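Student: I would like the atomic coordinates for the input below:
(chains A and B)
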Amino acid sequence: MNEFVLTARHALGKKVSAEALVAKDGFSARYDLNRLQGVFSRPTHKLVGQSYIGRILVLDTAKGGVASAWMLHEMQSRNMAPVAIVFNTVNPILAQGAALGGISMLAGFDQDITEVVPHGSFVEIDPEAKTLRVLRLSVGEGTPATFVHGQSKTSPVHVVPPRH
Amino acid sequence: MLLNDEETAMLNGERGKVLQMAMRHQVQVGEFFGARDFVPVTQAHVMADTESLGQAGVMWLEQLSEASDGRHVVCIPTITDPRGTDFSKANDLGQRDWMVELERRAIHAFERLGVSMTDTCINYQTVLAATRGEHVAFGDTGVVIYSNSVNGARSNFEGGPSALSAGLTGRTPRYGYHLDEKRQATVRFRVEFTPRTLNEWGALGGVIGRLAGNYWQVPVIEGIEGAPTSDELKHFGAAMASFGSIALFHMVGITPEAVRIEDVGGDRLPVHHRIDRAQIEALAASYAVTKKVDVVVFSAPQLSLYELRSLAEICDRRKFKVPLLAVTSPQVAPDSERFGYTRRIESAGGTVLAGMCFYQSYAREMAEAKGWKTLATNSAKLVNILGGYGYTPMLASMEECVKAAETGELA
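Tutor: This is a model prediction of the structure:
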């Protein structure tokens, strides 16, 4: 695969590179994580059970409450944080949290970032240039959507086709 | 960002380390969002329970308060969201000494910075409601969405560090919902069923929040019959903010900026979504996976005086088999005691807590200490949050939840 570059409209933090954890799902440190274990814990989250430590999260949108503004800082203090977060759509809380916690962030692309960046690929974030560079592809198998606690056919959330 | 002389002096450290730290943080966030300058704010509301702050956040606060030296304190009314405990009942909740100690340290640091420890997420019902057009820096998503939508005030979601910075500098970056153009409707909903109970209002808010999808969407809602009460809009907005990260909605003919749908540009939008009773019921049904209930919780947002009165009426002549917790603000709690509501709830075996909120109070550790797994509540916001904390939360009416406390099962 040839490496490719995507450009964001919003950026902060330092240049970092790591494996990408990709899902078309939202993100809130309070709602979605077991911060003591460093894994996604919300049963309905597509990344449930996966470790986010040292990864670059590539997700659809910032969700949930204001706690993430403190929690990213707290996670970083224990070296149990992602190194960067990339969103299609960010909210102020996650940007404020990234600023306090020293976690790099990009947001706002012309493409759906969760469709373009392969799960498990190795990516580089350069906030100064506002770029995400996919350096190396690796195989990331998706999990088919299933209805679990908190989901229903008429509740249009978390239901996406499996990744291929 | 364009900074005036005063802001430049703060950023350069000429007004001391505290204001420099606050201004640096605000400039970084403002530039991220393309803010052109700052807007003065008149109130700040800081979310800062220690479950979120952790040891690192408390130390950050302590360093800030140390640097303030009692001189660089907040310059506008700055209040707090719920704390992580009710100090008088921490043992009953299974909370450990270190949690309580961390809370005490955070409170001490806030007080040195001149922050008023109101410990409430219903300040719009109890402390100082923001008015139409008033620029504020509020934390707690439920506070922001209510103040923006129902009161017509102007705030973004301000996390603890940003809200505290705004309290210290008296300003916030001008982006998002401080701008006229961002307050226009972007997604149009037609509601074909007006909720009757608080859990239904929350479920409707949850459905709309999920469909709207992200922070920058502004739902305009048509079809609501009658004028909802403050408590109904409280649950509606809190759930919408929780499920969708939504900070502003308009309800045609009800909220102040949408007297007519064209006032918010809704007439130029197609009807994107029609919401009927089945969708509202489906949200609650999706959580109803078991009958057994370990604990019943009324919280998120804190209960108003009249929610407590309703609860007291339902609790009369009952004896609970499983714990029932009702959480309110320090401002409401004394009235609830004076009017006998607390006594009636506690006579049935319930507990009234003040100054905390269930999910902000070490919910995971409480579950482990008390053996709680399945939880019944009438708060759609709470069911949305608690899954990540290891609970199986279920949504039901206040009456159904109280009956569950009596029998140990949701009917």
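
Student: only C-alpha atoms for contact and neighbour calcs from this point on.
Tutor: OK.

Student: okay, strands next: where are they in chain A?
Tutor: A:4-7, A:10-12, A:16-27, A:33-34, A:39-40, A:56-62, A:84-89, A:104-107, A:122-126, A:131-136 (DSSP state E).

Student: what about the residue in the stretch 251-400 of chain B that chain A sits nearest to, is that helix, strand or coil?
Tutor: Among residues of the stretch 251-400 of chain B, the one nearest chain A by C-alpha to the nearest C-alpha turns out to be B:G388. It sits 3.9 Å away. Here B:G388 is recorded as helix under DSSP: H, G, I helix; E, B strand; the rest coil.

Student: still on that earlier bit, please identify which of the strands of chain A is closest to B:Y146.
Tutor: strand A:56-62 (19.8 Å; C-alpha to C-alpha).

Student: rounded mean pLDDT for the closest one, please.
Tutor: Strand A:56-62 carries an average pLDDT of 96.

Student: that one near chain B at all?
Tutor: Yes. Counting by C-alpha under 8 Å from any C-alpha of the partner chain, chain B is contacted by strand A:56-62 at A:61-62.

Student: can you give me every residue that contacts residue 14?
Tutor: You didn't say which chain, so I picked chain A. Remark: with contacts taken as C-alpha atoms under 8 Å, 6 or more residues apart in numbering or on different chains, A:K14 is in contact with A:103-104, A:125-128.

Student: if you could check chain B rather than the one you did, that'd help
Tutor: Contacts of B:E14 (C-alpha under 8 Å, 6+ apart): B:Q20.

Student: how much space is there between it and B:T8?
Tutor: Going from B:E14 to B:T8 by C-alpha to C-alpha, to the nearest Å gives 9 Å.

Student: shared neighbours of the two, anything?
Tutor: Counting by C-alpha under 8 Å, 6+ apart, B:E14 and B:T8 have no shared contacts at all.

Student: let's see the distance spanning stretch B:376-396 from one end to the other.
Tutor: In stretch B:376-396, first residue to last residue: 7 Å (C-alpha to C-alpha).

Student: chain center to it, what's the gap?
Tutor: Centre-to-centre, stretch B:376-396 and its host chain are 15 Å apart (C-alpha atoms, centre = their mean, to the nearest Å).

Student: can you check stretch B:125-138 too?
Tutor: Stretch B:125-138 sits 14 Å away from the centroid of its parent chain (C-alpha atoms, centre = their mean).

Student: tabulate the CA atom coordinates of it in CSV.
Tutor: Extracted in CSV, the C-alpha atoms of stretch B:125-138 (Å, rounded to 0.1, in the frame of the first residue of the first chain):
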residue,chain,number,x,y,z
GLN,B,125,-33.6,25.8,39.1
THR,B,126,-31.9,26.8,42.3
VAL,B,127,-29.0,29.3,42.2
LEU,B,128,-28.9,31.9,39.4
ALA,B,129,-30.7,31.1,36.1
ALA,B,130,-28.9,32.7,33.2
THR,B,131,-31.0,35.0,31.0
ARG,B,132,-31.6,35.4,27.3
GLY,B,133,-28.4,36.5,25.5
GLU,B,134,-26.2,36.2,28.7
HIS,B,135,-22.8,34.8,27.8
VAL,B,136,-21.7,32.2,30.4
ALA,B,137,-19.2,29.4,30.8
PHE,B,138,-21.1,26.5,32.1
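
Student: for it, list every residue counted as buried.
Tutor: Within stretch B:125-138, the residues that count as buried by 16 or more other C-alpha atoms under 10 Å in any protein chain shown are B:125-126, B:129-132, B:134-138.

Student: what helices and strands are in contact with the longest strand belonging to chain B?
Tutor: Secondary structure of chain B per DSSP E: the longest strand is strand B:295-303. Packing contacts for strand B:295-303, counted by 3 or more C-alpha pairs under 8 Å, 6 or more residues apart in numbering or on different chains; DSSP states H and E, involve helix B:230-244, strand B:324-328, strand B:374-377, helix B:380-386, helix B:398-407.

Student: turn those into JSON lines, including distance to B:M366.
Tutor: Formatted as JSON lines, the helices and strands packed on strand B:295-303 follow (distance: least, C-alpha to C-alpha, whole Å):
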{"stretch": "helix B:230-244", "distance to B:M366": "22"}
{"stretch": "strand B:324-328", "distance to B:M366": "13"}
{"stretch": "strand B:374-377", "distance to B:M366": "12"}
{"stretch": "helix B:380-386", "distance to B:M366": "12"}
{"stretch": "helix B:398-407", "distance to B:M366": "18"}
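
Student: which of those has the highest mean neighbour count?
Tutor: Neighbour counts (mean count of other C-alpha atoms under 10 Å in any protein chain shown) averaged over each of the helices and strands packed on strand B:295-303 peak at helix B:230-244, with a mean of 28.

Student: switch the strands of chain A over to TSV; also include mean neighbour count.
Tutor: Shown next, in TSV, are the strands of chain A (neighbours: other C-alpha atoms under 10 Å in any protein chain shown):
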stretch	mean neighbour count
strand A:4-7	15
strand A:10-12	24
strand A:16-27	23
strand A:33-34	23
strand A:39-40	21
strand A:56-62	26
strand A:84-89	25
strand A:104-107	27
strand A:122-126	23
strand A:131-136	20
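
Student: mind putting the helices and strands packed on strand B:295-303 into CSV with distance to chain A and mean pLDDT?
Tutor: As requested, the helices and strands packed on strand B:295-303 are exported to CSV (distance: least, C-alpha to the nearest C-alpha, whole Å; pLDDT from 0 to 100):
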stretch, distance to chain A, mean pLDDT
helix B:230-244, 5, 97
strand B:324-328, 19, 98
strand B:374-377, 12, 98
helix B:380-386, 5, 96
helix B:398-407, 18, 98
